[in-house]
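K.L.:
from the sequence below, what's the structure:
(chains A and B)
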2 protein chains.
Amino acid sequence: MNKAKTGLNYAMIDTGPCDQWPDYTVELPGLEIPGKLFVKDLLGLTGSEISINSMSPGAGMPVYHNHKQNEEVYIFIQGKGQIQIDGDILDVQEGSIVRIATEGERIWRNNSDNVLVYIIIQVKENSLVQHGINDADIPEKSASWG
Amino acid sequence: MNKAKTGLNYAMIDTGPCDQWPDYTVELPGLEIPGKLFVKDLLGLTGSEISINSMSPGAGMPVYHNHKQNEEVYIFIQGKGQIQIDGDILDVQEGSIVRIATEGERIWRNNSDNVLVYIIIQVKENSLVQHGINDADIPEKSASWG
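P.N.:
Just a heads-up that it's a prediction; the model follows:
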């Protein structure tokens, strides 16, 4: 991964096309997660941790986990799989989006014949104060592409 | 959009495959944004607002905007386009991820021949306290799919 391109108010990385995401690996104490890249430190995120993920057919997370402070959102963008939360099994696929509260015990797998591609967003539960158009300002300048 | 499937600690929606996202529209006062769906209220998110987006070839946001409280992250998952922040023009494509601080004046467009598909995540700047494995608990139970 190249360093981020940065400006006063932004940072950008190119993680490559989704079919290259299997090349990433997260190494945790006692647990190696193939096909996963965390981007918070690469981008200097201050309000979320985000990972991009590619899971091979037949693979799955080996253990359940829950969270202490953070709400998670899973956005599935390619393929099919299953996510289990507190014993409920949900079929997920391209376009499925799942919110999981801190206490939900979660585990997921790719029980299909194709790669499962998804994004996980971790944010502090109840941290959002305002959002959408209510948080936006529209400066008085016309759109210009130079 | 059907109502979310919910449990004690989760909610799930199916937004459909990305090639159906052009069917969504956000209606704001004086501004209609085709190909966009906000999911916070559908899922009961408490730490982020998230939108899924599909922009047609040749289309673009008509105005710049910045934010009052919220950091934004743009994740591009299909196609190519350009995003402009404080006058800097960045080429983006499948796999590009961009953090924009509140004060960044941003505008973007699809200057390619294919649909540009992306996710925007809005979170309160500096709201994240801990993240990743440090926020996780691993309960003592073995993985089971019943």
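K.L.:
spatially central residue for chain A, please.
P.N.:
Centroid check for chain A by Cα atoms, centre = their mean gives residue A:120 as the closest residue, at 2.1 Å.
K.L.:
now do stretch A:17-28: distance from first to last residue.
P.N.:
End-to-end distance of stretch A:17-28 (Cα to Cα, to the nearest Å): 25 Å.
K.L.:
quick check: neighbours of the helix or strand bottoming out on mean pLDDT in chain A in the sheet, parallel or antiparallel?
P.N.:
None of the helices or strands of chain A scores lower by mean pLDDT, DSSP states H and E than strand A:31-34, at a mean of 89. Strand A:31-34 has the following strand partners under DSSP bridges: strand A:25-28 (antiparallel).
K.L.:
now the strand it pairs with: mean pLDDT?
P.N.:
Mean per-residue pLDDT for strand A:25-28: 91.
K.L.:
so how far is it off the chain centroid?
P.N.:
Here strand A:25-28 is found 15 Å from its chain centre; the criterion is Cα atoms, centre = their mean, to the nearest Å.
K.L.:
just stretch A:85-92 next, same as before
P.N.:
Its chain's C-alpha centre and that of stretch A:85-92 lie 18 Å apart, by Cα atoms, centre = their mean.
K.L.:
can I get that stretch in PDB? Just the C-alpha atoms.
P.N.:
C-alpha atoms of stretch A:85-92 as PDB (Å, rounded to 0.1, in the frame of the first residue of the first chain):
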ATOM      1  CA  ILE A  85     -25.800 -12.700  15.600                       C
ATOM      2  CA  ASP A  86     -26.800 -14.000  19.100                       C
ATOM      3  CA  GLY A  87     -27.700 -17.300  17.400                       C
ATOM      4  CA  ASP A  88     -29.900 -15.700  14.600                       C
ATOM      5  CA  ILE A  89     -28.600 -16.700  11.200                       C
ATOM      6  CA  LEU A  90     -29.000 -14.100   8.400                       C
ATOM      7  CA  ASP A  91     -28.400 -14.700   4.700                       C
ATOM      8  CA  VAL A  92     -26.400 -11.800   3.300                       C
END
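K.L.:
give the buried residues for it.
P.N.:
In terms of neighbour count (16 or more other Cβ atoms under 10 Å in any protein chain shown), stretch A:85-92 has its buried residues at A:85, A:86, A:90, A:92. Every residue, glycine included, has its C-beta placed from N, CA and C.
K.L.:
which one of the residues you listed is nearest to residue B:133?
P.N.:
Taking Cβ to Cβ as the measure, residue B:133 lies nearest residue A:85 of these, at 19.4 Å.
K.L.:
before we move on, the earlier item: so who does the residue nearest to the centre of chain A touch?
P.N.:
Residue A:120 makes contact with A:50, A:51, A:53, A:72, A:73, A:74, A:75, according to Cβ atoms under 8 Å, 6 or more residues apart in numbering or on different chains.
K.L.:
can you check residue A:35 too?
P.N.:
Residue A:35 is in contact with A:21, A:22, A:24, A:25, A:53, A:54, A:55, A:56, counting by Cβ under 8 Å, 6+ apart.
K.L.:
wait, residue A:116 touches residue A:91, no?
P.N.:
No - Residue A:116 is not in contact with residue A:91 according to Cβ atoms under 8 Å; the separation is 11.7 Å.
K.L.:
for those two, list the residues in contact with both.
P.N.:
The overlap between the contact sets of residue A:116 and residue A:91 (Cβ under 8 Å, 6+ apart) consists of A:80, A:81.
K.L.:
backbone phi and psi for residue A:35, please?
P.N.:
Main-chain torsions, residue A:35, degrees, to the nearest 10: phi 80, psi 20.
K.L.:
leaving out the residues flanking it, which one is nearest to it?
P.N.:
Spatial nearest neighbour of residue A:35, excluding adjacent residues (Cβ to Cβ, 6 or more residues apart in numbering or on different chains): residue A:54 at 3.9 Å.
K.L.:
touching, residue A:22 and residue A:56? I think so.
P.N.:
Yes - with contact defined as Cβ under 8 Å, residue A:22 counts as touching residue A:56 (7.0 Å).
K.L.:
more neighbours: these two, which one.
P.N.:
Ranked by neighbour count (other Cβ atoms under 10 Å in any protein chain shown), residue A:22 and residue A:56 place residue A:22 first, with 16 against 13.
K.L.:
contacts only, for the nearest residue to residue A:52 once chain neighbours are set aside.
P.N.:
Excluding the flanking residues, the one nearest residue A:52 by Cβ to Cβ, 6+ apart is residue A:37, at 5.3 Å. Residue A:37 sits next to A:1, A:15, A:21, A:24, A:26, A:51, A:52, A:53 when contact means Cβ under 8 Å, 6+ apart.
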